[in-house]
Structure formats: C-alpha cells, structure tokens
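**Student:** Below: sequence and its predicted model.
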Amino acid sequence: MNTASFISPVIQALPPSGIRKFFDLVAESKDIISLGVGEPDFVTPWHIREASMYSLEKGYTMYTSNYGLLELREEISKYLARTFGVTYDMRTELLVTVGASEGVDIAMRALLCPGDEVLIPDPSYVSYMPCVVMAGGKAVMVPTRVEDEFKLNPEILESMITPRSKILMLSFPNNPTGATMTAEELKPIAEIAEKHNLVVVSDEIYAELSYGEKPVSFAALPGMKERTVLLSGFSKAFAMTGWRVGYIAANPDFLAAMVKIHQFTILCAPVTGQMAALEALRNGETEMRRMVSTYDQRRRFIVSGFREMGLDCFEPRGAFYAFPSIKSTGLNSEEFCERLLQDAKLAVVPGTAFGPSGEGHIRCSYAYSIDQLKEALKRMKQFLATL
C-alpha cells in the first residue's frame with residue numbers, strides 16, 4: 001500500500017518546524033543547555049493552580065458553551081478595557097480558544113478564500129505561514145530589518161500589497177526578535193489597512209511582556225476595532241503554557257464564522273483551564289508584574305553578554321527573546337546552531353526557522369535563570385573563540 005499517496009499534497013509540501021528540528025537534536029544529546037524553548041520557566045502561581053483543583057473538587061468537569069465560560073469572557077472583557085482601552089461584548093465578540101494558536105488557525109480558515117494573500121512580517125512565529133497555506137491562502141513575507149529595529153516599515157508593506165491581499169498578520173511584541181511598535185508607529189500601518197481594506201489579525205500574546213513601554217493593542221487604534229481580529233491568551237503573561245487557554249476578540253460577524261469552526265472541531269476549551277484563567281484575571285496581575293520584572297533583568301543581562309563577546313544584538317523591547325547577529329562569524333544561521341550544539345552543547349534556534357529575514361541571526365530565549373544564562377553565555381564565548 002502506497003500510504004504516501006493518501007496524504008494531502010498541501011501537507012506533504014509543508015516543511016517541518018525549524019524549531020522542532022533542534023529540539024529533536026537536543027533530545028538525542030546529553031549535557032545540553034537549551035535557550036530554545038519559548039515558554040516561561042516559572043510555575044503557574046499557586047492560587048491559579050489551587051482554583052483549578054477546587055473546581056475539580058466541586059465537580060466542574062462538563063462542557064462549557066462553545067464560546068467559553070460566561071464568567072471568563074466577562075473578565076476578559078474587563079481586562080482588555082482596563083489594560084488596552086478597547087471594549088468587547090462578552091456575549092458576541094469574545095471566544096475562548098485552546099491557546100492563541102487555535103485562534104491563528106480558525107481566523108485564517110474563517111476569513112480566507114483560495115488564493116487570498118496574507119501579509120506576514122518576516123521574521124515571525126513559525127505557525128503563521130503554515131496556517132495560511134492550510135487554509136488555502138498564500139503567505140507573502142514582508143521583510144523587516146534590524147536597522148528599523150525589526151518594526152514593520154509602512155513603505156515596504158504597501159509595496160507588497162496586491163489585489164489579492166486580504167489579511168495583514170501582526171505580532172508585536174514579536175517572536176523571535178522582541179521588537180515592539182508604539183501607537184504612533186502603528187498609525188501608518190492602520191492607515192494602510194484602511195486604504196487597502198485589509199483585515200488585521202493581531203497576535204498580542206506577548207503584549208504584557210513589554211519593557212519600558214505601555215503595551216498597545218492594534219484594535220484600540222481609531223477605526224481599527226471593526227477590522228481587527230485580536231488574539232491573545234494566558235500562556236506567556238501568566239505562565240500557563242500547558243493549560244492551553246487563549247481567546248479571540250473580534251466583531252460579531254467575524255467571530256460567528258470562527259465559532260462555527262471551533263464548535264465542530266474543538267467544541268470548547270477545557271473547563272479546568274478556563275477556571276484557572278478566570279482566577280488569573282481576577283487575582284494574578286501582581287505575580288505577572290513580578291515575572292515581567294524578572295524577565296527585564298534577564299533581558300539586559302543577556303544582551304550585555306552578547307555585546308561583550310562581540311555579537312551585535314538588537315535590544316528587545318518585549319517578549320523574552322534576544323535575536324543576536326552571528327554574521328561576523330562567517331557562518332549561516334543553521335551552520336552556527338548545529339556547530340554550537342555539537343561543540344559547545346548549547347542549543348539555540350536559527351533565525352531562518354522564522355523566515356528568510358532571520359538569516360544571520362539566532363533566537364535565544366531568556367526565560368531561564370541567571371545562572372543558566374551565565375553558563376550559556378560562557379559556552380557561546382568559548383565557542384566563538386574557536387572560530
């Protein structure tokens with residue numbers, strides 16, 4: 001039986017994740033220090049875990065509404081209003097999802113027709129392009145540059161718009177670069193979206209992890225709420241990656257289309273995770289600010305370390321990643337990462353895993369203790385001395 005002939009050509013043509021390749025290499029090796037994992041090293045705060053356990057004791061083991069617990073949607077609405085200044089109706093404009101990743105998937109499937117183009121800043125999170133392709137769309141990578149601090153350049157963006165352009169995918173703070181954009185810098189992007197009638201899918205999962213700048217939601221810009229699909233969740237800010245709870249905020253027409261997909265494939269996010277998320281919003285912001293402060297210390301430490309060893313490194317303004325340049329070594333990103341892993345037992349992710357514009361860079365997470373970061377920097381410095 002030729003089993004390969006039964007597999008969709010679209011799926012066969014998709015390349016595997018560049019991040020996963022290096023995770024697999026790490027799993028096969030010993031004594032590895034990894035800066036590759038994009039998740040908090042903090043355990044979910046106790047009161048959040050306790051709330052989920054209490055919900056189990058009380059017998060909360062049933063399905064919820066497709067939209068998610070009404071109490072949770074009410075708290076999400078309040079949170080978005082006080083944190084970002086944008087209001088959503090908890091009944092018709094909010095959907096609880098299985099992480100922000102489900103939001104990317106169902107947003108693309110609900111909005112794209114075959115051949116529609118999605119403009120994606122490059123480099124960007126690895127899931128965006130595959131989700132576009134699997135929904136029948138075409139991903140158009142819009143390069144960002146270190147000289148622009150990896151912000152989306154309005155002139156470059158507009159030059160790549162065609163009659164088939166339908167969605168602009170935004171992700172600031174950005175994974176992998178740590179770039180952010182202020183409200184003033186986003187205004188020209190909003191004008192382009194309106195001029196060309198683009199829907200904006202804004203992944204704001206790292207919004208709370210902003211350093212020295214107030215987080216901005218694209219939906220809060222004048223006239224943008226109606227055309228914006230806001231994606232976020234609890235994984236990064238509240239250290240709840242494994243709980244898999246996210247949400248979508250969008251106008252009722254967009255949301256109703258996404259709910260159709262959600263109800264036939266997911267049904268609802270796990271109720272235990274939703275109860276934990278409810279507690280996070282009600283009582284978790286103090287711990288969240290403490291974690292952000294710790295990330296900020298690590299951010300300054302790792303950037304300083306890279307610069308001291310001679311690697312140019314853009315200073316990230318958000319998320320928990322550094323994106324140093326390794327062009328001075330003469331190696332490309334993948335060669336650098338493979339040799340670093342083999343020779344120094346240090347795992348980082350090649351910038352090309354996040355798009356062509358990532359060439360010449362590596363992504364290093366600083367969601368690790370200072371001691372781990374010290375050892376990682378020591379190993380990298382020793383490795384550079386051998387080149």
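**Tutor:** Yes, it's here.
**Student:** And for Tyr368, the neighbour number?
**Tutor:** By other C-beta atoms under 10 Å, 21 other residues sit near Tyr368. Any C-beta I mention is one placed from the backbone N, CA and C, and that applies to glycine too.
**Student:** Any stretches of this structure with poor pLDDT?
**Tutor:** 18-29 (pLDDT under 70).
**Student:** Can you pull the domain assignment for it?
**Tutor:** What automatic domain parsing lists as the domains of the chain is 3-44+286-386, 61-283.
**Student:** which one of the ones you listed lies closest to Ser52?
**Tutor:** Distance to Ser52, taken as C-beta to C-beta, is lowest for domain 61-283 among the domains of the chain, at 4.2 Å.
**Student:** Go through the domains of the chain and pick out the most buried.
**Tutor:** domain 61-283 (a mean of 20; mean count of other C-beta atoms under 10 Å).
**Student:** Which strands or helices does the helix or strand that contains Gly273 pack on?
**Tutor:** Using DSSP states H and E, Gly273 falls within helix 271-283. Here helix 271-283 touches helix 46-57, helix 70-84, going by 3 or more C-beta pairs under 8 Å, 6 or more residues apart in numbering; DSSP states H and E.
**Student:** what's the offset of it from the middle of its chain?
**Tutor:** Once both centres are worked out by C-alpha atoms, centre = their mean, to the nearest Å, helix 271-283 turns out to sit 21 Å from its chain's centre.
**Student:** swap in stretch 270-278?
**Tutor:** The answer for stretch 270-278 is 21 Å, by C-alpha atoms, centre = their mean.
**Student:** Then stretch 211-224?
**Tutor:** How far stretch 211-224 lies from its chain's middle: 16 Å, per C-alpha atoms, centre = their mean.
**Student:** Could I get the contacting residues of the closest residue to Gly38 other than its chain neighbours?
**Tutor:** Once flanking residues are discounted, Gly38 sits nearest to Ser365: 5.6 Å by C-beta to C-beta, 6 or more residues apart in numbering. For Ser365, the contacting residues are Leu35, Gly36, Val37, Gly38, Phe320, Tyr321, by C-beta atoms under 8 Å, 6 or more residues apart in numbering.
**Student:** Remind me what the helix or strand following the helix holding Gly273 packs against, helices and strands.
**Tutor:** Downstream of helix 271-283, the first helix or strand assigned by DSSP H and E is helix 285-308. When contacts are defined as 3+ C-beta pairs under 8 Å, 6+ apart, helix 285-308 sits against strand 321-322, helix 370-386.
**Student:** ok, 10 Å please
**Tutor:** Here helix 285-308 touches helix 46-57, helix 70-84, strand 321-322, strand 362-365, helix 370-386, going by 3 or more C-beta pairs under 10 Å, 6 or more residues apart in numbering; DSSP states H and E.
**Student:** when you compare where that helix runs with where helix 271-283 runs, what's the angle?
**Tutor:** Computed by axes from the mean of the first three to the mean of the last three C-alpha atoms, to 10 degrees, the angle separating helix 285-308 from helix 271-283 equals 90 degrees.
**Student:** just how off-centre is stretch 279-294 within its chain?
**Tutor:** 19 Å.
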